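Enquirer: Requesting a structural model of the entry that follows:
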Amino acid sequence: MTEKSPENNFPAGYEPPEVWEWEKGNGGQFANINRPIAGPTHDKALPVGRHPLQLYSLATPNGQKVGIMLEELLAAGHTGAEYDAWLIKIGDGDQFGSDFVKANPNSKIPALVDRSTPEPTRVFESGSILLYLAEKFGAFLPTDHKGRTEAINWLFWQMASGPYLGGGFGHFYAYAPVHIKYAIDRFAMEAKRQLDVLDRHLAENQYFAGSEYSIADIAVWPWYGNLARGQSYPKADVFLDVKSYKNLQRWANEIAERPAVKRGRMVNRMNGDPSEQLHERHDASDFDTKTQDKIGKA
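Expert: Got it, this is the predicted structure:
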């Protein structure tokens, strides 16, 4: 570690201790759900619906991926992809309930339980869920060697890059209790670099795996497509000048017009327009009859 002058640190005089200790309340907006240990905090059973697939989620970018994938599968005629989607309120700590921890020991949404297998199969991590469903149904993953490899390349790229955009740029730009120039500059630079990576690739490809829409697009769109369309962190699209990435804009808008994407991003949604919030999804008709504007609940 290079030598630093404590008076120039933030806050002034701060020096990292020899052994870090958790101070309850650290974490700004998310302090009430942050802790340095894993495991459940309380006993709570997860509900189970009538369909083979049970999704426990919230419509964050990672959560949107799975809702979109399931709706795309159903739109493509895969009736075995029918699912129940149950709302996990992470602000209330639902992800630390005993049964949710069994479904995902990392206590993060989304979690999927496939009850069509001889023993229920848990699947966690959004990228793993997308790959699991693609292989289960033989859909949205190219079958040729080059296309399959390219789709998985970009799926893994998104899983590795997303934390820089969300936990890095998004946290310090939108959620941290104070604005720290160094942190915002550091992660804005990385976010811009990522946008350029995507824009350059999409200059030569319709989709991320080439000419075929795939789980790579489904993984990338909720993060970078929403950002490109100004539907991410407030004013972040202007701050990062996302409109200058013309190829990304073309792709983001094209994906946004897919009917299954429009439905999937509504599943387990709790913010924004009430007509686009479907807190739970148990049947295709729920999109027409049970959005928050129709049932009149906050």
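Enquirer: any chance you could map the helices in this protein?
Expert: Counting by DSSP state H, the chain has helices at residues 61-75, 98-103, 126-137, 145-163, 181-202, 215-220, 226-228, 236-239, 246-256, 259-264, 286-289, 292-295.
Enquirer: Buried deepest among those helices, which one?
Expert: Highest mean neighbour count among these (mean count of other C-beta atoms under 10 Å): helix 215-220, with a mean of 28. From N, CA and C alone the C-beta is placed, and that goes for glycine too.
Enquirer: Need the CA coordinates for that one. CSV is fine.
Expert: C-alpha atoms of helix 215-220 as CSV (Å, rounded to 0.1, in the frame of the first residue of the first chain):
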residue,chain,number,x,y,z
ILE,A,215,-29.6,-15.3,-23.0
ALA,A,216,-26.7,-12.9,-23.5
ASP,A,217,-29.2,-10.2,-24.6
ILE,A,218,-31.6,-11.1,-21.8
ALA,A,219,-28.7,-10.8,-19.3
VAL,A,220,-27.3,-7.5,-20.6
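Enquirer: Show me what that helix is packed against.
Expert: Contacts defined by 3 or more C-beta pairs under 8 Å, 6 or more residues apart in numbering; DSSP states H and E place helix 215-220 against helix 61-75, helix 126-137, helix 145-163.
Enquirer: In a markdown table, list these along with mean pLDDT.
Expert: Listed next are the helices and strands packed on helix 215-220 as a markdown table, based on pLDDT from 0 to 100:
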| stretch | mean pLDDT |
| --- | --- |
| helix 61-75 | 98 |
| helix 126-137 | 98 |
| helix 145-163 | 98 |
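Enquirer: Now render these as CSV, adding distance to residue 184.
Expert: Shown next, in CSV, are the helices and strands packed on helix 215-220 (distance: least, C-beta to C-beta, whole Å):
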stretch, distance to residue 184
helix 61-75, 20
helix 126-137, 26
helix 145-163, 16
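Enquirer: By mean pLDDT, which helix or strand of the protein comes out lowest?
Expert: Of all helical and strand segments in the chain, the minimum by mean pLDDT, DSSP states H and E falls on helix 292-295, at a mean of 94.
Enquirer: Tell me which residue is most central in the chain.
Expert: Nearest to the mean C-alpha position of the chain, by C-alpha atoms, centre = their mean, lies residue 62 at 1.4 Å.
Enquirer: Which residue is the nearest non-sequential neighbour of that one?
Expert: residue 126 (4.4 Å; C-beta to C-beta, 6 or more residues apart in numbering).
Enquirer: roughly how far apart are the one you found and residue 108?
Expert: Using C-beta to C-beta, to the nearest Å, residue 126 is found at 9 Å from residue 108.
Enquirer: Then residue 197?
Expert: Distance from residue 197 to residue 108, by C-beta to C-beta: 25 Å.
Enquirer: likewise residue 250?
Expert: In terms of C-beta to C-beta, residue 250 sits 32 Å off from residue 108.
Enquirer: try residue 141
Expert: 23 Å.
Enquirer: Settle it for me: which of the two has more neighbours?
Expert: For residue 141 versus residue 108, neighbours defined as other C-beta atoms under 10 Å are more numerous around residue 141 (21 against 17).
Enquirer: which stretches of the chain have low pLDDT?
Expert: For the chain, the stretches flagged by pLDDT under 70 are 1-3, 27-28, 297-298.
Enquirer: Give me the domain ranges for it.
Expert: 37-140+268-297, 145-259 (the TED database).
Enquirer: Show the contacting residues for residue 131.
Expert: Residue 131 makes contacts with 141, 152, 155, 215, as judged by C-beta atoms under 8 Å, 6 or more residues apart in numbering.
Enquirer: Could you check how far it is from residue 152?
Expert: Distance from residue 131 to residue 152, by C-beta to C-beta: 8 Å.
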